[in-house]
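*Asks:* I would like to see how this sequence folds:
(chains A and B)
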Amino acid sequence: DVKVTQSSRYLVKRTGEKVFLECVQDMDHENMFWYRQDPGLGLRLIYFSYDVKMKEKGDIPEGYSVSREKKERFSLILESASTNQTSMYLCASSLSGVETQYFGPGTRLLVL
Amino acid sequence: GEDVEQSLFLSVREGDSSVINCTYTDSSSTYLYWYKQEPGAGLQLLTYIFSNMDMKQDQRLTVLLNKKDKHLSLRIADTQTGDSAIYFCAETTNTGGFKTIFGAGTRLFVKA
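*Replies:* Numbering: from 1, shown residues only, chains lettered A, B, ... in the order given. This is a model prediction of the structure:
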C-alpha cells in the first residue's frame, strides 16, 4: 500500500512566523505535490517536484517555497505566514507515466 | 447531474506517448472535446469527436471514445516539452438544453 504521511494534522501559527509542512512517501514515486484546499475553490496546485532538487510552480506559488532534498520527502515552506494562508494543505505523490496520485491526510493550518 | 472527471496530473518523458483519460456521465452527449491551455493563455480547441465515432486521429493526436463505458482518452504520440499544458475534456449535452460541461483539467508535464 502506498503511504503518504504529513508531519502534522493541525497547526496554529502566528502571522509572520516561518512554517514548515513536511510530506513523506514510501513508494519511490518521482512526483510529489503540494495543494491547498479551500471551500468553493477545490484543490489548487502550489508547487510540484518531478525529481530530487527539481521543482515547478503550480497555479498559486506566491508566498510559498518548497524543498526536495531526498526523493521521499517534499517540504512546503511559508516564509512569513499570513492569515490568507489559513487552509487545508494536501500532499500527494505519483509515479511518472501514471495519472493516479496518492494523497496524505492533510494538514489544517490556522494562521492567527 | 452531468459530470466530467479527469485525473489531476500526468508526467511523461520527452518522446514517450501520453494518454490522458476522461469519464463523463451523460449518455446524451453529442460532441466530446479536448482543449489545451498553456500557461497564461486561454483554452485552445485541440480536437473533437462526434459521439457516434470510436476514434479520430489527427497527426500526433488520437482520440478514443468508448461510449458504453463513457470513457474518452487523448493519446499524444512522441510527446514534446511544448506539449506541457493543462488538458481539458468537455462534452456537449442535450440534457435540459444544450450545454458544454468541462472537466477540471489534467496537467501534463513533459520531462526533457
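*Asks:* Now do the SS call for the spatially most central residue of chain A.
*Replies:* With the centre of chain A defined as its mean C-alpha position, the nearest residue by Cα atoms, centre = their mean is A:Trp34, 2.8 Å away. Under DSSP: H, G, I helix; E, B strand; the rest coil, A:Trp34 falls in the strand class.
*Asks:* Tell me who's in contact with it.
*Replies:* By Cβ atoms under 8 Å, 6 or more residues apart in numbering or on different chains, the contact set of A:Trp34 is A:21, A:23, A:45-48, A:58, A:64, A:66, A:74, A:76, A:89-91. Backbone N, C-alpha and C define where each C-beta goes, glycine included.
*Asks:* Is B:Leu64 located within a strand, as I assumed?
*Replies:* Yes. Counting by three-state DSSP, B:Leu64 is found in a strand.
*Asks:* Going along the chain, name the strands of chain B.
*Replies:* In chain B, the segments counted as strands under DSSP state E are B:4-6, B:9-13, B:18-24, B:29-37, B:43-50, B:55-58, B:61-66, B:71-76, B:85-93, B:99-102, B:106-111.
*Asks:* mind giving me TSV with those strands and columns for distance to chain A, mean pLDDT and mean neighbour count?
*Replies:* As requested, these are exported to TSV (distance: least, Cβ to the nearest Cβ, whole Å; pLDDT from 0 to 100; neighbours: other Cβ atoms under 10 Å in any protein chain shown):
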stretch	distance to chain A	mean pLDDT	mean neighbour count
strand B:4-6	8	94	20
strand B:9-13	5	96	21
strand B:18-24	7	96	20
strand B:29-37	11	91	20
strand B:43-50	15	93	15
strand B:55-58	21	95	12
strand B:61-66	15	96	17
strand B:71-76	11	97	20
strand B:85-93	9	93	22
strand B:99-102	13	87	14
strand B:106-111	6	96	20
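*Asks:* Please list which of the contacts of A:Trp34 also come close to chain B.
*Replies:* Counting by Cβ under 8 Å from any Cβ of the partner chain, A:Leu45, A:Phe48 from the contacts of A:Trp34 sit close to chain B.
*Asks:* residues from chain A in reach of chain B?
*Replies:* Contacts of chain A with chain B, taken as Cβ under 8 Å from any Cβ, map to A:30-31, A:33, A:42-43, A:45, A:48, A:50-51, A:56, A:92, A:94, A:96-101.
*Asks:* So among those, which ones count as buried?
*Replies:* Among these, those that count as buried by neighbour count (16 or more other Cβ atoms under 10 Å in any protein chain shown) are A:30-31, A:33, A:43, A:45, A:48, A:50, A:56, A:92, A:94, A:96, A:99, A:101.
*Asks:* Thanks a lot, see you next time.
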